[in-house]
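In: structure for this input, please:
(2 chains)
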Protein chains: 2
Amino acid sequence: MKMLPLVALSVLLSLTPAFAVWPLPKQFTTGSTPLRLASGFSIKLSGIQNAPKDLTDAVTRTKGFLSKDKLQALVPDRGASSAATIKSAKTLKSLTLSLTSGSKVRSISDESIVDVESRSEGYTLTIPADGSDAVLKANSTLGLFRGLTTFGQLWYDWAGTTYTLQAPFSIVDAPAYPYRGFMLDTARNFFPVEDIKRTLDAMSWVKINTLHWHVVDSQSFPLVVPGFTELSTQGAYSSASVYSPSDVKEIVQYAAARGIDVMAEIDTPGHTSIIHKSHPEHVACFEASPWSQFANATTNFTASLLSAASSMFPSKLFSTGGDELNTNCYDKDAETQTELNEQGKTLEQALDTFTQASHAALKKAGKRAVVWQEMVLDHQVTLANDTVILVWISSADAASVAARGFKFIHAASDYFYLDCGGGGWVGANVLGNSWCDPFKTWQKSYSFNPTANLTAEQSKLVLGGQHLLWTEQSSPSNLDPVVWPRAASSAELFWSGPGGDVSKALPRLHDIAYRFIERGVNAIPLQPQWCALRAGACDLTA
Amino acid sequence: MKMLPLVALSVLLSLTPAFAVWPLPKQFTTGSTPLRLASGFSIKLSGIQNAPKDLTDAVTRTKGFLSKDKLQALVPDRGASSAATIKSAKTLKSLTLSLTSGSKVRSISDESIVDVESRSEGYTLTIPADGSDAVLKANSTLGLFRGLTTFGQLWYDWAGTTYTLQAPFSIVDAPAYPYRGFMLDTARNFFPVEDIKRTLDAMSWVKINTLHWHVVDSQSFPLVVPGFTELSTQGAYSSASVYSPSDVKEIVQYAAARGIDVMAEIDTPGHTSIIHKSHPEHVACFEASPWSQFANATTNFTASLLSAASSMFPSKLFSTGGDELNTNCYDKDAETQTELNEQGKTLEQALDTFTQASHAALKKAGKRAVVWQEMVLDHQVTLANDTVILVWISSADAASVAARGFKFIHAASDYFYLDCGGGGWVGANVLGNSWCDPFKTWQKSYSFNPTANLTAEQSKLVLGGQHLLWTEQSSPSNLDPVVWPRAASSAELFWSGPGGDVSKALPRLHDIAYRFIERGVNAIPLQPQWCALRAGACDLTA
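Out: Okay, the predicted model is just below:
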C-alpha cells in the first residue's frame, strides 16, 4: 500500500555480499578470493600463560557461532551461483590468538571493568587468502574478544560450508569513543534475568561495552539490597519480580565475560516514590510526584543505601540519577518545608548537602559518580570534577554541559530514546501520542554528530553515547524488536566514529539483524526481504 | 525520564478488577457477589443433536483456558485481600450451551463462512450468583462460540482458585458491524503457518471474524496455486517460505473453527512484479513499478489464476486488489502501448476489460469481489453492485465511496495502519520517517467514527473495519507486539460500536493484554505495571 521506489536495475546483479562487520573497523582491507573454514577449523591461543576461563569460553562460543550460524549471503540467490567457487575454495585451518609482548594476562572480565577511559579494546586481525593461519593480536584479552566478535561476522553458510568470498582480510581496529552503552529500565516493567542475559549477548555482538542498568524507579524496586531488603519485599511487583544478590552477580559476571561493564543506577532524590511503601518517612509527595525529603535521616538513609547497592556492582561507574526534581511538589510538602526551615536551608542548599553525602558514600566505595544533566544545568550542587554527566533532555544541552567542563555521555531523547513515537503511556489521553514523538529511526541516531557545537577542546569531554529503553510500554514481549537492530546504530556511531552513510550502512545492518535472528535475538527486518537481498534496490531515488 | 502524571489517590484503593470482557457486550449487568468455579466445573451441551466437532473442540479449549489462564486480578494486591472472600464463595458447577429452538445445527466452521451480512454471532449468557447453572444460548454454534469467548474472560486466579467478584452476570450480545477484520501481508516478509495460527487464536479472543490475507505481492509469491506452481517456485523467498495447498487448508480450517473467515487477496494488476520471474510476458515495467500488461493473454492468465487461487478458499469474499496503478510506468512501456493501440483501447478501457474478466471468473467461482478504493474513485471500471470496497488512503474517502453506493470496509491508513510511525523502509532516506507517520495509537483507532460525514442511508453501507499490518518492517520477530493489543481497539470499535471512552477502556485493555500473555501471545504492556494495577492512577489530569 505504498509505492515501491524506483530501482537501479544494475544493483540487482550483485552477488557479492557486503563486508558485513558491524561496527565497521577503524581500518580494513578485503580481497575477492573465496575461502572456507576447514572442517577441523580450530582457534588456538599462543603464548598466553594460564589462559583465563572467560577467554577460552569466548573461543568456544565463537566456534559455536561459526558452526551454528546458518546465515546465507544476503544476495538474490543466497549463494547458489557461488556453490562451485565455494566448493573449490582454499580452506582456513586455524585462527591463532596472542597478546602483544609485554601485555599482562588478565581475564576479559577484569579488563571490562577498568575505568572506561583506560580500557583496551583494540586488536588486529589478519586472514590470508591462501589458507595459511589467521592471526588475531591485541594488548588485552578484551581486545582479543573484540577481534573474535569481528571474526564471527565474516562468514556465510552454503549447504553446510562456512565461507567468505572476500579473503584476504586485514583489519586494524579500535573504538573511536571509550563509552558505548545501552540503558535498560527494569522498574516500569520487569525483565527476567534471561532477557537481560540475551540482551547482553546481543550488545557484545556489536561491541557495546556498558549496560546502564536503570534498575529501580518510582514504580517498582526489584533490586534486593542486603540490609535494605524491605525495599524490594514491599516495592517489587511480586516476590518473583526481583533481582536477588545472586541474580545480580550472575548478570554482572555474564556481562563482564562479554566485555560489558554494568553501570547501575539508583535514581535519587526523584524517581523514588516506591520507597514510600517501606519507608514513608523518607518520601515526600507520595504518588503525586515521587521524591525524597531532605531530612538528615533521609540523607543518611540514601547514602547508606547507595553504598550498599553500589557494592553489588564491580563497575567504577555508579549513577545516582538526579533528574526531574519537582519543586512544585516540594513547595506543597509541609514536612519538607518544616525540615528546610529547621535546617535554615534553601532547597538548593539541601539538595547540595544531599548530593554531596550520596557522592561521598560512593567515593568511599571507590566509585565514580554519574548523574543526569539537571544536576549540573539546573541545580547548584557541588560535583567532583570526574563526575560523568548523562545528557538526556536534548542533544543541544551537550554544549552547556561541556561548557562546565564535565565529561559526558550522549543519551539524548531526540536521538537515542527507543520508546519515543510508539504512542504515549499516560492514560486518559485521547490521541495517545508520546511526549518525545516522533519515533527515533536508526538512520537518525546513525547520523548523529557527537561533537556538534563543541570546540576541539570540549570534544575531548565526549565519552561516547548510548540508546536507552524506558519501559513504560516494553516488556519481554517486545524487548528484542524495540531494541534491535536500532541500538546497533549508536554502537557503530561511537565505535567507528560519526559520518557514516545510511545507504552504505543498510546492507551491513541487514546482515547483523539476520545474524541476530540466527543467534536467537528477535531483531526486526528493516525492509522487505526482497530489498535485503538486493543492496540499494529499494533506495529512494532523487 | 518523563514526569508521572498527578494521581487521584482515591483510585489507588480500588480492589475490584474491571469488568474485563473485550469487546464490551451490547448489554450487560454485573453484580458484586463472589463466585468461583467448582473443581469439577463442566461445560454441557443441551439438545444439540450430533454436536459438531469444532463446537466440542471449542468447549475443550475454553476449559483449558479456565484452568491454564493464571491471570491474577489487576489490582494492587493482585487479589490477596479477597482470599477469604474467594475461599468462602459459592461455586459454579456448570455452564450449559443450547441453541434457540428451531435453529439448525451447523458447525462453527460452516457458520463462519456464510455471507458476512447474514452471519449469526449473537448470544445471551446468564451466570447466577447462587451457584446454579450458567446458561449460554444462541441461534447458531458461531454465537455459542462468541459466548464461550466471553465466558473465558470473566475469571481471575488466586492461589489456584478461578473466581470472579462480580456475579451475577447477565449478558445479551451481538456485533454492531458484521465485518471485523485483521489484514496480514505475508509477501514483504514471510510468516510461517504457526505464526498465522497464533494470530488467528488471538483474533478469535477479541471476536474478530475475518482474516484479510494479503498473501502475495510484488516482492514475493509464497502461495502455491495448483496449475500455477511456477509462480511460487520462482517467486517465493525460498522453497521453505511457501504456503502449500495443505498449509492453506490447515489455516482456513483453523480459522473457521475459531469463527474466522479467510478473505484472500491476489493484488492485480499492480503489486505483481514477482510474477515476472516465471512469466515476463505478463509483467510490464518489471521492478520499476510492478504491474501487468493488458494483453489479452495477460487478462486470460489473470482470470485463470484468480479462479484457481480463489478455489483454495471457501470464503464468499475474495479480493482482486486494484490499488496503486502506475500510469507513469504504463506510458513508458512500449509493449503495453503497442497492445493498447492494437486493441484500439485507452488504458481505462483496457483496465475495465481486465477487471470485468477477473471478476467474472470470481463470480463463476461463487465469490463476491473485494477491491481497494481506487477501483471506484480513480478509474472507470464496471463493478457489480455487491462489490465490497476497501477504504485505505484516507478515512475521508469513505464518504466518496459511500456516495457511489458501494458497501465498504474501513481500513484507512490514517487510523488503522499498524506499520506507520515506526520508521520508513525505503533506503537512502537519512531521516528514515515512514510515509504514513505518525504511529497510529490504539486510542486513535478506538476513537474512530465509522459514520462520520455519512447520511443515515449511507451509514448502512459500512460493513465494518479492520487494522492492517503491511510487513515491510515486520516478521515473526515483532508480529505479536506490533499487532497486540492495538488491533483489539478496532475489534471493540466494530463489535461494540463507536463512542467508547479511552479512560474507561484502558483497564479492560490491560486485562486482555495480560490474558494474551497467559495464552502465549506477546501483547505489549500499554503502561508500567504500577499503572495497570491502579485503574486511573496514571491518567492525565487536566
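
In: how close does A:P498 sit to A:Y123?
Out: 22 Å (Cβ to Cβ, to the nearest Å). Placement of C-beta: from N, CA and C, glycine included.

In: then A:Y237?
Out: 42 Å.

In: ok, these two, which is more surrounded?
Out: Higher neighbour count among A:Y237 and A:Y123: A:Y123, with 27 against 21, using other Cβ atoms under 10 Å in any protein chain shown.

In: who's that one bridged to?
Out: A:D173 (DSSP bridges).

In: before we move on, what SS does A:K104 have?
Out: coil (DSSP: H, G, I helix; E, B strand; the rest coil).

In: so what pLDDT did it get?
Out: What the model reports as pLDDT for A:K104 is 93.

In: near it, how many other residues are there?
Out: Neighbours around A:K104, by other Cβ under 10 Å: 10.

In: where do the strands sit along the stretch 251-400 of chain A?
Out: A:261-265, A:283-284, A:291-292, A:317-321, A:368-372, A:388-391 (DSSP state E, counting those that start in this stretch).

In: same thing with the stretch 51-200 of chain A?
Out: Counting by DSSP E, counting those that start in this stretch, the strands of the stretch 51-200 of chain A are A:90-99, A:123-127, A:134-138, A:156-158, A:161-173, A:179-185.

In: neighbouring strands - and their directions - for the first one?
Out: This points to strand A:90-99. strand A:27-45 (parallel), strand A:134-138 (parallel).

In: can you name the residues bridging to A:L37?
Out: The partner residues for A:L37, given DSSP bridges, come to A:L92.

In: ok, it - contacts?
Out: A:L37 makes contact with A:L66, A:T91, A:L92, A:W155, A:T161, A:T162, A:Y163, according to Cβ atoms under 8 Å, 6 or more residues apart in numbering or on different chains.

In: closest one of these to chain B?
Out: Checking the contacts of A:L37 against chain B with Cβ to the nearest Cβ, the nearest one is A:T161 at 17.8 Å.

In: neighbours around the closest one, how many?
Out: 17.

In: same deal with A:A83?
Out: A:A83 has 13 neighbours, counted by other Cβ under 10 Å.

In: just A:A456 next, same as before
Out: 7.

In: please apply the same query to the one 5 residues further on.
Out: By the criterion of other Cβ under 10 Å, A:L461 has 20 neighbours.

In: just A:A334 next, same as before
Out: 8.

In: kindly report the same for A:D331.
Out: 10.

In: what sits against A:R519?
Out: A:R519 sits in contact with A:F65, A:K68, A:D69, A:D201, A:A202, A:W205, where contact means Cβ under 8 Å, 6+ apart.

In: which one is the third one nearest to, not counting chain neighbours?
Out: Right, A:D69. Among residues not flanking A:D69 along the chain, A:E518 sits closest, at 4.6 Å (Cβ to Cβ, 6 or more residues apart in numbering or on different chains).

In: and for that neighbour, the neighbour number?
Out: Neighbour number of A:E518 under other Cβ under 10 Å is 14.

In: quick one: it and A:L200, what's the gap?
Out: Taking Cβ to Cβ, one finds A:E518 at 18 Å from A:L200.

In: what of A:A487?
Out: 12 Å.

In: which one of these two has more residues nearby?
Out: Between A:A487 and A:L200, counting by other Cβ under 10 Å, A:A487 is the more crowded of the two (26 against 23).

In: tally of neighbours for A:E194?
Out: A:E194: 9 neighbours (other Cβ under 10 Å).

In: can you tell me how far it is from chain B?
Out: Note on A:E194: its distance to chain B, by Cβ to the nearest Cβ, to the nearest Å, is 15 Å.

In: where does pLDDT dip in chain A?
Out: Filtered on pLDDT under 70, chain A yields the residue ranges A:1-15, A:284-293, A:542.

In: identify the bridge partners of the residue nearest the centre of chain A.
Out: Nearest residue to the geometric centre of chain A (Cα atoms, centre = their mean): A:F182, 2.5 Å. In this entry, A:F182 is beta-bridged to A:L211, A:H467, by DSSP bridges.
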